[in-house]
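Peer 1: quick one, fold the following:
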Amino acid sequence: MTLAAARRTALAAQGFAAARPSGPPTRRTVMKVLDSTRLLQLDSVSAVVRAHYAPVFSRIGAYDRTFLDEAAWGHSARRPRQLIEYWAHEAALIPVQDWSLMRWRMVQYRNGRWGGMRQTLERNPSLADDVLGVVKEFGASTAGEIEKHLELDRPRSKDNWGWNYSDTKVVCEALFAAGELTVPKRVGFQRHYDLAANVIPPEVLSAELDEADAVRELVRRAARAHGIGAETDLRDYYRLKRVQTEPAIAELVDAGELEQVRVEGWDKPAYLHVEARTPRRVTGAALLCPFDPLIFFRDRTERLFDFHYRIEIYTPEHKRVHGYYVFPFLLDGEIVARVDLRAERSTGRLLVPGAFAEPGRDTARVAGALAASLREMADWLELDTVEVGEKGDLAPELRREIA
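Peer 2: Here you go, the predicted model:
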């Protein structure tokens, strides 16, 4: 395949080749995005909008974010929960039915997801049972609420601090990683923990899959979400290991679900999903959050779009090249620019401290399309104005377009 064809295939698989809804998006429209992405990464940074909201906006335009909130953190007989949190590609929202595909990972995490977590469990051997007891008695609770209940049961003396809040939070996270607790709701983005048995549907909770079968299914989902991808791409989507993905890919190739192909300029084999389509053209514009599934694996982003991208949140300000929270700008199937963005809700402004065009682009055309996308984002976020700063070669033209 040519690189251009591979790029169009990837964009179509991620939902960027579909026409936007003609009317106001519904909950069904929002959930259809998950049919393409299979997951939405969660992140605490709220410089513009929380990371899980942005990919939906990029694909369907302005929508009511409560649709996504209700799908993930609401439940009723009329509208059952559709999404659940777990460690997929980092912390992520996934379809409830996919929770059972992660059981093997929960087994791996039964003693903690990382060394510090294991040390906390060892230091507090009874805390996990105490946390589960509180949640069983009082229902969905934050780590802070659980801490308070534990304090009531075990008053602190002056020479003994008793249960440490951070330890309680760490143990809640350990139980979440192990699949014993899950997150039925968030308030102010703060997790409320409940017993998985109270939240996960019985048929999903009781499903037992062999690790190899579950991994093969995850690779199948990753391949469908990619359209075309190298082994490293399919591995990264659900943060699998090479020893897991290689046998799964071989089985899917043998079954005719994947086809091994060569992509122009790639130094590794690629795998084309049998249901992937390659449109002749991909049109339209989209601002891509740093954690968008299309670009969150930076190696793939560079191979597909010839676009070197690194998030600079943790880079000291004076060393940042493009800015704190930078959105790549997708236009007609190519990444043509990037903008540093900040939503200043107190003043009703969408701030653009920096705007940068990719080399060789028609900056007048890019600035016009980008200005329209920024206005659309500002309207969606209920911000009154878009204000462009001085940084970046695209800033002057973008400022004129905004004006």
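Peer 1: buried ones in the lowest-mean-pLDDT helix or strand in the chain, by neighbour count?
Peer 2: In the chain, no helix or strand scores lower on mean pLDDT, DSSP states H and E than helix 143-153, which sits at a mean of 82. Residues of helix 143-153 classed as buried: 143, 145-147, 149-150 (neighbour count, 16 or more other CB atoms under 10 Å). No exception for glycine: its C-beta is placed from N, CA and C like everyone else's.
Peer 1: quick one, helices of the stretch 1-150 of the chain?
Peer 2: With DSSP state H, counting those that start in this stretch as the criterion, the stretch 1-150 of the chain has helices at 3-13, 27-37, 54-60, 66-73, 103-108, 115-123, 127-138, 143-153.
Peer 1: where do the helices sit along the stretch 151-300 of the chain?
Peer 2: 165-177, 196-199, 202-205, 211-226, 231-237, 242-254, 298-305.
Peer 1: which one of those lies closest to P269?
Peer 2: Counting by CB to CB, P269 lies closest to helix 231-237 out of the helices of the stretch 151-300 of the chain; the figure is 7.3 Å.
Peer 1: which helices and strands sit right next to that closest one?
Peer 2: Applying 3 or more CB pairs under 8 Å, 6 or more residues apart in numbering; DSSP states H and E, one finds that helix 231-237 contacts helix 211-226, helix 242-254, helix 298-305.
Peer 1: the least confident helix or strand of the chain: how far from the chain's middle?
Peer 2: 31 Å (CA atoms, centre = their mean, to the nearest Å).
Peer 1: that one - contacts with which helices or strands?
Peer 2: helix 127-138, helix 165-177, strand 190-195.
Peer 1: thinking again about what came up before, most neighbours per residue, which of the helices and strands packed on helix 231-237?
Peer 2: helix 211-226 (a mean of 21; mean count of other CB atoms under 10 Å).
Peer 1: show me what contacts the nearest residue to V215 once chain neighbours are set aside?
Peer 2: Residue nearest to V215 in three dimensions, not counting chain neighbours: Q244, with 4.7 Å by CB to CB, 6 or more residues apart in numbering. With contact taken as CB atoms under 8 Å, 6 or more residues apart in numbering, Q244 is in contact with 211, 215, 235.
Peer 1: tally of neighbours for the nearest residue to T9 once chain neighbours are set aside?
Peer 2: Closest residue to T9 apart from its sequence neighbours, by CB to CB, 6+ apart: G227 at 4.2 Å. Taking other CB atoms under 10 Å as the criterion, the count of residues near G227 is 24.
Peer 1: check R281 too.
Peer 2: Count around R281 with other CB under 10 Å applied: 8.
Peer 1: isn't it right next to G333, touching?
Peer 2: Yes: if you go by CB atoms under 8 Å, R281 and G333 touch, sitting 7.1 Å apart.
Peer 1: give me the common contacts of the two.
Peer 2: Contact with both R281 and G333 is made by residues R8, according to CB under 8 Å, 6+ apart.
Peer 1: quote the end-to-end distance of stretch 66-85.
Peer 2: 17 Å (CA to CA, to the nearest Å).
Peer 1: surely C172 and I146 touch.
Peer 2: Yes: counting by CB under 8 Å, C172 does reach I146; the two are 6.7 Å apart.
Peer 1: got any residues that touch both of those two?
Peer 2: Taking CB under 8 Å, 6+ apart as the contact rule, C172 and I146 both touch 131, 193.
Peer 1: ok so, going back, what distance do you get for the residue nearest to T9 to E246?
Peer 2: When CB to CB, to the nearest Å is the yardstick, G227 and E246 sit 20 Å from each other.
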